[in-house]
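Student: Provided below for reference: sequence and predicted model.
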Amino acid sequence: METAPKPGRDVPPKKNRLQAKKKKPRRYWEEETTLTAAGASPGPPGNKKRNRELRPQRPKNANIAKKSRISRKRQLPKKPRERRNLEPQRSVSGAQDPFPGPAPVPVEVARKFRRIDKSKKLPHSKSKTRSRLEVAEAEEEEISIKAARSELLLAEEPGFLEGEDGEDTAKIRQADIVEAVDIASAAKHFDLNLRQFGPYRLNYSPTGRHLAFGGRRGHVATLDWVTKRLMCEINVMEAVRDIRFLHSEALLAVAQNRWLHIYDNQGIELHCIRRCDRVTRLEFLPFHFLLATASETGFLTYLDVSVGKIMAALNARAGRLDVMTKNPYNAVIHLGHSNGTVSLWSPAMKEPLAKILCHRGGVRAVAVDSTGTYMATSGLDHQLKIFDLRGTFQPLGARTLPQGAGHLAFSQRGLLAAGMGDVVNIWAGQGKASPPSLEQPYLTHRLSGHVHGLHFCPFEDVLGVGHNGGITSMLVPGAAEPNFDGLESNPYRSQKQRQEWEVKALLEKVPAELICLDPRALAEVDVISLEQEKKERIERLGYDPEAKAPFQPKPKQKGRSSTASLVKRKRKVMDEEHRDKVRQSLEQQPQKQEKKAKPLRARPSALDRFVR
Amino acid sequence: MKVKMLSRNPDNYVRETKLDLQRVPRNYDPTLHPFEVPREYVRALNATKLERVFAKPFLGSLDGHRDGVNCLAKHPKSLATVLSGACDGEVRIWNLTKRKCIRTIQAHEGFVRGICTRFCGTSFFTVGDDKTVKQWKMDGPGYGEEEEPLHTILGKTVYTGIDHHWKEAVFATCGQQVDIWDEQRTSPVCSMTWGFDSISSVKFNPIETFLLGSCASDRNIVLYDMRQATPLKKVILDMRTNTICWNPMEAFIFTAANEDYNLYTFDMRALDTPVMVHMDHVSAVLDVDYSPTGKEFVSASFDKSVRIFPVDKSRSREVYHTKRMQHVICVKWTSDSKYIMCGSDEMNIRLWKANASEKLGVLTSREKAAKDYNQKLKEKFQHHPHIKGIACHCHLPKSIYSQIQEQRIMKEARRRKEVNRLKHSKPGSVSVVSEKKKHIVAVVK
């Protein structure tokens, strides 16, 4: 962490002496004090205490000191500039600012907000473009520092759970936590006993205020779970496979036995979408207004809920689809298949963007964390694996579970919950951006029935678990992001604010074609088409308009421009260019050799990914 | 066991009374704002579309002249006042806020060839076909007084243009030669010629106030220094230049409106290559005027349109036309850089917004912030093909549209011929001449 130097360290010691030596102006009302001051002045330097006693004179004193400092500076022009800035500033009242200069910014926090990769060199371009790029980069830097500084203003701290020395946090029961926390938090732990309508799937609204759950035997209900106010409760008289809130709590998509239905918050059926039939899993992409459905027939269908049109229906060609999750970072849909692969889909492509072989048996559950960095999968081989999604899709960690996990969920701060039979295990990582370590669970909880659905509540330390016996709301300290952004998803928003947000969100609906693995790719230079354009232009014109003109020596003074000297100068430039070329090729050669050597040593094979 | 749960006090997040503003806590963490780039792109796209939707530049027309408007002049001190001279010798002074004519003078017999205001704004000068230079008071005559010029100078030849010095009581006229006049005298202080053709316009440099530029019908642009008795240098172009205009922010830059449909921006220190060739008009360019910021200029053309060019771009950013506007003869950019005036053949002066989609009137701070934000977004994504297509789209009248197509075909044929010639001749014998150098014939010092 960079910190500002302590104040007072930079104050030159001579200052006090100067201050003391200066004669104070005599005032008629302070005869005695002036006497004492006069007595002090010839005394030893640095007699600060006495000076401080003379209250009415202090401001004047400070002024003099300031003046003398300025004059000193003029005499010493070599003093570094930053130093002057860090000197404690004195206000009119004479008080010193104990923390001069701007607030310090931790480097790591600033890095979080950085958008430009500074390690990459700027492309070789014209000076005008280059200067513009440099200005943009400087602005970017400044913005990231400002954003990092604004972290100081965040009001809430994340929750935590720590055992006393050596105590295992996994041993701590929910009842203990409920007992230890405040009433408001304790009220967030509750059980709904709904044994009649079978295993439940559940979903929290994007703001985390509302909870919707649907039972296998047709029971669908939504409630404001914070106040426990029931909004609607219906029985659809059909098996409910999955349930999902759309962009706000007012709309609810329910995958029923036959078709996909959409209800509003009073339980009125608004739409029955027959083009999505036998849907098993639902995912909603809030920024694209797309509802992704995976069906028994093997189709992945994207429904645009703002216009009610099917944007894409992709055949995954892998049989029945019942494992699906979204990547919240780039809106790519991850499908788990029975042959152990996970495929990544975007509506713009007919083929998967990538296929990852994760397990030896079928994939049972997939989850992706909120930064889009890690993917957790569990398979029929009883393994729980964590993959890095950033580049090569390599496994970072794996663990064999006695039962294997049937359901997985990531929280906003990167906690991983797994439902295994009637037990829920939660693993935590070191920090927010690190993968959960699978060594030791952070929390465990046993439920009254088999787990059927898991969902972390956004912006609350709560994990909702749907199971055979109903719904359980578990307390998981440190699961959620403590500080929400009021303009994105505000749990405390009023109706008016919600309406305004809805209009804005619809206006900036991202087109489905823009979904790809790297969402920032849109802001990068399209080098391929640029080069293609250049090539076409050269072909059209018949010459390269940007080609460097051959060197032409300038005519010099009279007598120095003989033909021989012109040729000589020309030769000189040509030789220099030639030498540059040779130098460059020599530099490139060892790199090429290295590249060549590698494949000889170890040929890549399809089995490489299994090498530990 | 140490435990802390996230527990928010709702009082910190909802407003206390209904009269309060809603509380909006912010957190700029990038993970809470996913899809930053695609969302910004969509916003930029929306902003660009809205810009096109709201592009309604025409504000109004000032009618009253009984013949084509030949020249326009701005008042140096008052934004609302504008002067215009017509082909029947009439000069009118207009009030732009009321959009009314406030004074009419029958100044000359025949055309009013040029009009210019004195830098202090108390009087103005006109030249006409009747071989006279007249100085007029800006204020109207008092009760019972006759409308009379302050001074009248009778010349030997017809004057075709006039411009006033920006700081001193000196003005310049052009005709057969460029004359520099002292306001107090009836004969020119100095007259300069270079060649024998008639000179169509003369302009003082607003920064280096001793410099003048003029353009003559023998296709050249001549630069003068008032302190010398002889001209500085001249550049000869392919075709005749109609007017020039100096950049008000960069002393050495000027733009010439040419008969060959192009405008040329020159650096007066290196006249052999223009800094930029501006091509978009499909007929002769008749007048040009810089915006006071020096970043853009407006040109009037015989093709019945007005175009706005950025100084550093070869293509125009905007084209203004109406069904009724005929050949545009003169154009001026107002001193607050917000409006454009153009005088045309069919006796009207038209008032346009310089920025077609700008909202006039006072903006609230939120409106201003939104405008700035949208502007920045448009700038950021301006090269994306979809956005570029929308931003560059403009509706053109059929005559201009078909002429553009025709000229494109002609240009393509010429280029093809050149490429063929290059391909089938001995390497090095045929050289490629760039578009910039093509139109310059010679530079003479």
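Tutor: Thanks, I have the structure now. Numbers count the residues shown, from 1 in each chain, chains lettered A, B, ... in the order given.
Student: just checking, next helix/strand downstream of the longest strand seen in chain A?
Tutor: The residue-count maximum for a strand in chain A (DSSP state E) belongs to strand A:269-277. Next along the chain after strand A:269-277, taking DSSP states H and E as the criterion, comes strand A:279-285.
Student: distance between the longest strand of chain A and the chain's centre?
Tutor: 35 Å (C-alpha atoms, centre = their mean, to the nearest Å).
Student: what does it contact?
Tutor: Applying C-beta atoms under 8 Å, 6 or more residues apart in numbering or on different chains, the set of residues contacting strand A:269-277 from outside is A:251, A:255, A:258-264, A:293, A:295, A:297, A:301, A:303, A:308, A:310, A:313. Placement of C-beta: from N, CA and C, glycine included.
Student: Next, the buried residues of it.
Tutor: A:271, A:273, A:276, A:277 (16 or more other C-beta atoms under 10 Å in any protein chain shown).
Student: what mean pLDDT does it have?
Tutor: Averaged over strand A:269-277, pLDDT sits at 94.
Student: what do you get for stretch B:195-207?
Tutor: 91.
Student: So which of the contacts of strand A:269-277 are in helices?
Tutor: Counting by DSSP state H, no part of the contacts of strand A:269-277 is found in helices.
Student: Report the beta-bridge partners for the spatially most central residue of chain B.
Tutor: Here the mean C-alpha position of chain B is nearest to the C-alpha of residue B:298 (C-alpha atoms, centre = their mean), at a distance of 2.4 Å. Beta bridges link residue B:298 to residue B:289, residue B:308 when assigned by DSSP bridges.
Student: Identify the residues contacting it.
Tutor: B:288, B:289, B:291, B:306, B:307, B:308, B:309, B:331, B:333, B:340, B:342, B:354.
Student: What of residue B:182?
Tutor: B:169, B:170, B:189.
Student: give me the number of residues near the first one?
Tutor: Same thing as residue B:169. Using other C-beta atoms under 10 Å in any protein chain shown, residue B:169 is surrounded by 13 other residues.
Student: One more: residue A:527?
Tutor: 9.
Student: which residues sit in contact with the closest residue to residue A:245 other than its chain neighbours?
Tutor: Once flanking residues are discounted, residue A:245 sits nearest to residue A:205: 4.5 Å by C-beta to C-beta, 6 or more residues apart in numbering or on different chains. Residues in contact with residue A:205, defined by C-beta under 8 Å, 6+ apart, are A:211, A:212, A:245, A:248, A:249.
Student: cool, residue A:305 as well?
Tutor: Residue A:305 sits next to A:246, A:247, A:251, A:253, A:262, A:284, A:289, A:290, A:291 when contact means C-beta under 8 Å, 6+ apart.
Student: Low-confidence regions, chain A specifically.
Tutor: A:1-91, A:432, A:592-602, A:612 (pLDDT under 70).
Student: How is it divided into domains?
Tutor: Chain A resolves into domains spanning A:14-86, A:107-152, A:169-482+A:492-499, A:548-591 when parsed by automatic domain parsing.
Student: For residue B:390, which of those is the nearest?
Tutor: domain A:169-482+A:492-499 (20.8 Å; C-beta to C-beta).
Student: Now neighbour count too, for the contacts of residue B:298, in JSON lines please.
Tutor: As requested, the contacts of residue B:298 are arranged in JSON lines below (neighbours: other C-beta atoms under 10 Å in any protein chain shown):
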{"residue": "B:288", "neighbour count": "27"}
{"residue": "B:289", "neighbour count": "23"}
{"residue": "B:291", "neighbour count": "23"}
{"residue": "B:306", "neighbour count": "27"}
{"residue": "B:307", "neighbour count": "25"}
{"residue": "B:308", "neighbour count": "23"}
{"residue": "B:309", "neighbour count": "24"}
{"residue": "B:331", "neighbour count": "30"}
{"residue": "B:333", "neighbour count": "25"}
{"residue": "B:340", "neighbour count": "25"}
{"residue": "B:342", "neighbour count": "26"}
{"residue": "B:354", "neighbour count": "20"}
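Student: now, among these, which is nearest to chain A?
Tutor: For the contacts of residue B:298, the closest approach to chain A (C-beta to the nearest C-beta) belongs to residue B:309, at 18.2 Å.
Student: In contact with whatever residue of the stretch 51-200 of chain B ends up closest to chain A, which residues?
Tutor: Here the stretch 51-200 of chain B gets closest to chain A at one residue, residue B:53, 13.9 Å apart by C-beta to the nearest C-beta. Applying C-beta under 8 Å, 6+ apart to residue B:53 gives the contacts residue B:357.
Student: Can you pull the phi/psi pair for it?
Tutor: Backbone torsions for residue B:53, taken as degrees, to the nearest 10, come to phi -60, psi -40.
Student: so residue B:410 sits in a strand?
Tutor: No. Using DSSP: H, G, I helix; E, B strand; the rest coil, the assignment for residue B:410 is helix, not a strand.
Student: about what we covered before: out of the contacts of residue A:305, which are buried?
Tutor: A:246, A:247, A:251, A:253, A:262, A:284, A:289, A:290, A:291.
Student: Next step: those residues restricted to strands.
Tutor: A:251, A:253, A:262, A:284, A:290, A:291.
Student: So which of these is the closest to chain B?
Tutor: Of those, the one sitting nearest to chain B (C-beta to the nearest C-beta) turns out to be residue A:290, at 12.3 Å.
Student: The residue of the stretch 501-612 of chain A found nearest chain B - how many residues pack around it?
Tutor: At 3.7 Å from chain B, residue A:542 is the closest residue in the stretch 501-612 of chain A, using C-beta to the nearest C-beta. Residues within reach of residue A:542, counting by other C-beta under 10 Å, total 15.
Student: May I have the phi/psi pair for it?
Tutor: Dihedral angles (degrees, to the nearest 10) for residue A:542: phi 90, psi 0.
Student: so what's it closest to, chain neighbours aside?
Tutor: Leaving aside its sequence neighbours, residue A:542 sits nearest to residue B:419 (C-beta to C-beta, 6+ apart; 3.7 Å).
Student: Check the secondary structure at that neighbour for me.
Tutor: Residue B:419 ends up helix, using three-state DSSP.
Student: same question, residue A:463
Tutor: Per three-state DSSP, residue A:463 ends up strand.
Student: ok, it touching residue A:480?
Tutor: No. Using C-beta atoms under 8 Å, residue A:463 is not in contact with residue A:480; the gap is 9.7 Å.
Student: what touches both of these two?
Tutor: Listed as contacting both residue A:463 and residue A:480 by C-beta under 8 Å, 6+ apart are A:411, A:456, A:457.
Student: Tally up the residues packed near the first one, please.
Tutor: The number of residues packed around residue A:411, counting by other C-beta under 10 Å, is 26.
Student: mind listing what it touches?
Tutor: Per C-beta under 8 Å, 6+ apart, neighbours of residue A:411: A:417, A:456, A:463, A:476, A:479, A:480.
Student: Spatially, what comes nearest to the fifth one if we skip its sequence neighbours?
Tutor: The spatial neighbour of residue A:479 that comes closest, neighbours along the chain excluded (C-beta to C-beta, 6+ apart), is residue A:411 at 4.0 Å.
Student: and if you look at the fourth one?
Tutor: Closest residue to residue A:476 in three dimensions, ignoring its sequence neighbours and counting by C-beta to C-beta, 6+ apart: residue A:463, at 4.9 Å.
Student: what separates that neighbour from residue A:452, distance-wise?
Tutor: 14 Å (C-beta to C-beta, to the nearest Å).
Student: Mind picking the two most distant members of the contacts of residue A:205?
Tutor: A:211 and A:248 (14.1 Å).
Student: out of those two, which sits in the more crowded spot?
Tutor: More crowded of residue A:211 and residue A:248, by other C-beta under 10 Å: residue A:211, with 27 against 19.
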